[in-house]
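Participant: Quick one, fold the following:
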Amino acid sequence: MGVRNSNQSQPPARETSSVAADDGSGTLTIARPVETFEQLCEVFLPTVAARIWAACCWPKGMGNGWNIGDYRFAVIAVSPEPKTSLYVQFWSEPGEEVLMEVCSGEWSPSSVKYVQQPQRELLRTLGFRIGGEARNFRKELFITKVSEAEAAARETLRILFDGFRFRGQWPLEIRVERARRSEQRLVYSSLTPQDFAKLLSEHGYLCRLDLTDDAPVALLRRGKRRFEAKFGWRVPRQNLYSVVALDALIAAPMGCDANAMLMLESELPGLSVKQFQGTHLRLSMPLMLDGGVTTTWVLESVGYWLQAVRRGERIVRMATARRRQTRGVDKGARVH
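Facilitator: Sure, this is the predicted structure:
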């Protein structure tokens with residue numbers, strides 16, 4: 001049995017790239033392709049998992065870095081040829097399951113040749129099904145801790161490795177976007193009567209304030225329609241009010257019984273209907289500012305109010321006309 005010469009030259013070890021270079025835009029590259037899936041994970045898994053976790057991590061409790069309507073998505077993609085993107089993407093919203101999607105080529109003709117029967121079978125084995133407007137392969141999963149993000153990253157790399165034959169020969173692009181369905185605007189939880197009058201005057205309403213007592217009133221007019229805004233829920237020791245109650249009178253010369261008023265209320269959501277001096281109806285609707293509203297909300301609410309009052313007038317007018325016709329017919333039937 002011979003003794004190995006320590007000076008004997010050994011075959012050179014195969015060089016692998018254990019570090020992926022990031023060009024600063026989220027594109028990762030390596031010096032040379034890898035051969036095995038574990039090598040691919042060694043190079044890319046930490047970064048892919050970190051980006052997925054950045055998209056899917058939502059602290060508990062609204063206001064801890066997020067608000068209703070916030071969402072994020074992460075896209076991990078390779079481009080084997082120009083204008084061809086093979087991607088896995090994650091859509092995340094607070095407190096909800098994450099939607100994981102893989103491109104199907106449905107809306108990308110240049111990608112179709114990379115998504116054939118072997119790829120479809122692999123994705124079905126992993127629990128993906130065709131769905132959504134883009135007809136991608138998709139499934140829902142929970143990503144609420146780092147280990148789940150790492151598992152999703154490993155599955156992403158498995159899809160790229162086994163499905164799309166990715167070995168690091170193309171740059172790996174990772175993009176994380178944050179957005180929201182809401183808009184940032186100023187909100188008000190209370191207004192002074194002057195604030196309210198100024199806002200409506202700027203938008204075509206004639207307004208006069210009556211500040212003679214502890215219950216301020218704004219007398220308003222839009223076209224021929226006159227109505228009032230009464231201010232309530234005063235903020236202690238301030239000229240601020242958290243409720244604006246809108247009131248208008250409409251003629252009801254033949255009166256309305258309780259059933260008729262209930263039917264009218266059902267036709268005018270948000271408004272209350274009450275008798276006033278026998279010949280009129282008082283329509284009322286409160287604007288609750290407590291909690292915060294925008295000026296657009298105030299204007300839209302007043303606009304809805306006016307439309308509802310006009311609709312109420314039409315309903316009462318038509319009902320009055322029908323009752324008069326019915327009375328006329330009854331009188332005619334009694335004449336011999």
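Participant: From what I see, Thr279 and Leu249 are in contact.
Facilitator: No - Thr279 lies out of contact with Leu249 (CB atoms under 8 Å); the separation is 9.5 Å. For the C-beta atoms, the positions are set from N, CA and C on the backbone; glycine is no exception.
Participant: Show me what secondary structure element comes after the helix or strand containing Ala197.
Facilitator: When secondary structure is defined using DSSP states H and E, the element that contains Ala197 is helix 193-201. Using DSSP H and E, the helix or strand that follows helix 193-201 towards the C-terminus is strand 206-210.
Participant: Need the contact partners of the helix holding Ala197.
Facilitator: By CB atoms under 8 Å, 6 or more residues apart in numbering, the list of residues contacting helix 193-201 from outside reads 188, 191, 207-209, 211, 216, 218, 220, 229, 231, 239, 241, 244, 295, 298-299, 302.
Participant: What's the local residue count around Glu183?
Facilitator: Around Glu183 sit 8 other residues, with neighbours defined as other CB atoms under 10 Å.
Participant: Quick check: phi and psi on it?
Facilitator: For Glu183, the backbone dihedrals (degrees, to the nearest 10) come out as phi -110, psi 150.
Participant: so what pLDDT did it get?
Facilitator: Per-residue confidence at Glu183 stands at 80 (pLDDT).
Participant: Now do it against Thr296, distance only.
Facilitator: According to CB to CB, to the nearest Å, Glu183 stands 10 Å off from Thr296.
Participant: shouldn't Val115 be in contact with Pro109?
Facilitator: No - at 11.1 Å, Val115 does not count as touching Pro109 under the criterion of CB under 8 Å.
Participant: So if I had to pick from those two, which one is more boxed in?
Facilitator: Relative neighbour count places Val115 above the other of Val115 and Pro109, with 21 against 10, counting by other CB under 10 Å.
Participant: which residues touch the closest residue in space to that one that isn't next to it in sequence?
Facilitator: With sequence-adjacent residues excluded and distances taken as CB to CB, 6 or more residues apart in numbering, Val115 is closest to Gly105, at 4.4 Å. Contact partners of Gly105, counting by CB under 8 Å, 6+ apart, are 111-115.
Participant: Restricted to buried residues, select those in PyMOL.
Facilitator: In PyMOL, the members of those classed as buried (16 or more other CB atoms under 10 Å) are selected with the following command:
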select buried, resi 111+114+115
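Participant: Sort out which one of the contacts of Gly105 lies nearest Glu97 for me.
Facilitator: Val115 (24.2 Å; CB to CB).
Participant: could you measure the closest one against Gly127, distance?
Facilitator: Distance from Val115 to Gly127, counting by CB to CB: 17 Å.
Participant: Could you do Gln307 as well?
Facilitator: With distances defined as CB to CB, the gap from Gln307 to Gly127 amounts to 50 Å.
Participant: how much space is there between the nearest residue to Thr296 once chain neighbours are set aside and Thr294?
Facilitator: Counting by CB to CB, 6+ apart, the nearest residue to Thr296 once its immediate chain neighbours are dropped is Arg185, at 7.4 Å. According to CB to CB, Arg185 and Thr294 sit 5 Å apart.
Participant: helix, strand or coil for Ala54?
Facilitator: Secondary structure assignment for Ala54 (DSSP: H, G, I helix; E, B strand; the rest coil): helix.
Participant: Got phi/psi on the nearest residue to it once chain neighbours are set aside?
Facilitator: In space, and not counting its chain neighbours, Ala54 is closest to Val176: 5.5 Å by CB to CB, 6+ apart. Taking degrees, to the nearest 10, you get phi -120, psi 120 for the backbone angles of Val176.
Participant: next one: Leu246
Facilitator: Main-chain torsions, Leu246, degrees, to the nearest 10: phi -90, psi 130.
Participant: so how far is Val235 from it?
Facilitator: Look at Leu246 and Val235: by CB to CB, they are 20 Å apart.
Participant: Of the two, which one has the most company?
Facilitator: Residue environment comparison for Leu246 versus Val235 gives the larger neighbour count to Leu246, 22 against 13, counting by other CB under 10 Å.
Participant: residues touching the more buried one, list them.
Facilitator: Taking CB under 8 Å, 6+ apart, we find Leu246 in contact with 227-229, 284-287, 302, 305.
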